[in-house]
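Participant: got a predicted model here, sequence first, then my questions.
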Amino acid sequence: MQLKDYYTTLKVQPAASMLQIKKSFRQLALTYHPDKNPGNAVAEATFKEIQEAYETLSNPAKREEYNYKRWYNRSIHETFVTEALTPGSILHECIRLNNYMNTVNALRVDFDGLSYHIRQLLSDKNIDILEQFNDESINVKIVEKILSPASVLPYQYAETIINRLLRVAGSNEILVKQVQIFAGQQKQKNLWYRYRAAFVMIITLLICWLIYMISK
């Protein structure tokens, strides 16, 4: 089971007392509070992470359960989940997804799971971060790395992802065009899947008719 490292988030040791946890939380909350960082998506996301960590570690029962899960993770050498708070880390997760999809059979993909994962990578929070940094070179790579795994999804799954990719593309006309071409390809695939049964039936009937005419 993958976990976030709440102790690292709050910058305290695992053996920290409740007083130390509260003190560190207050200092970090003051630093990253949205009121002190208006329009800063990274600060807002960090503040939410700090709140989430404090909610767990300040509750004795939740902390005990978390400590057990943390110990188990370490015992099986499982790494902690790191929250994507920079364009570089978001791109890294997109590359990981793309590399993973290159190793699996597209016919056996869990559409719900893949769609959910992509939507998490392109969450409103992550897009806000991308827009804040406005690093066009990274945004281009993110769109490219998402288009490949998204191409296996039926259009009803891909439609929401396309809208999010357009937000990432922003004012980059070339990138917008690339996403629009992808959207058109997905629509065509959707039409083919919708009407292929009727098309196959028509072809079959034509073949049968030709065989009948020839046999006469």
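Facilitator: Received it, and whenever you're ready, just let me know what you need.
Participant: could you give the average pLDDT over stretch 171-186?
Facilitator: In this model, stretch 171-186 has an average pLDDT of 95.
Participant: ok, now stretch 25-37?
Facilitator: 95.
Participant: lowest-pLDDT helix or strand in the chain?
Facilitator: Ranking every helix and strand in the chain by mean pLDDT, DSSP states H and E puts helix 173-215 at the bottom, with a mean of 81.
Participant: what's the most centrally placed residue in the chain in contact with, if anything?
Facilitator: Among the residues of the chain, residue 121 comes closest to the average C-alpha position under Cα atoms, centre = their mean, at 2.1 Å. If you count contacts by Cβ atoms under 8 Å, 6 or more residues apart in numbering, residue 121 has them with 84, 90, 93, 94, 97, 146. The C-beta positions use only the backbone N, C-alpha and C, and glycine is treated the same way.
Participant: can you do 7 Å?
Facilitator: With contact taken as Cβ atoms under 7 Å, 6 or more residues apart in numbering, residue 121 is in contact with 90, 93, 94, 97.
Participant: quick one: pLDDT of the third one?
Facilitator: In this case it means residue 94. 92.
Participant: quick check: it touching residue 142?
Facilitator: Yes - using Cβ atoms under 7 Å, residue 94 is in contact with residue 142, at 5.2 Å.
Participant: check which helix or strand residue 152 maps to.
Facilitator: Residue 152 is part of no helix or strand, with elements assigned from DSSP states H and E.
Participant: contacting residues for it?
Facilitator: Residue 152 touches 106, 109, counting by Cβ under 7 Å, 6+ apart.
Participant: backbone phi and psi for it, please?
Facilitator: phi -90, psi -10 (degrees, to the nearest 10).
Participant: repeat for residue 104
Facilitator: The phi/psi pair for residue 104 (degrees, to the nearest 10) is phi -110, psi 160.
Participant: cool, the one 5 residues further on as well?
Facilitator: With angles defined as degrees, to the nearest 10, residue 109 sits at phi -80, psi 140.
Participant: now stretch 137-152: buried residues?
Facilitator: By neighbour count on 16 or more other Cβ atoms under 10 Å, the buried set for stretch 137-152 is 138, 139, 140, 142, 143, 145, 146, 147, 149, 150, 152.
Participant: perfect, I'm done here.
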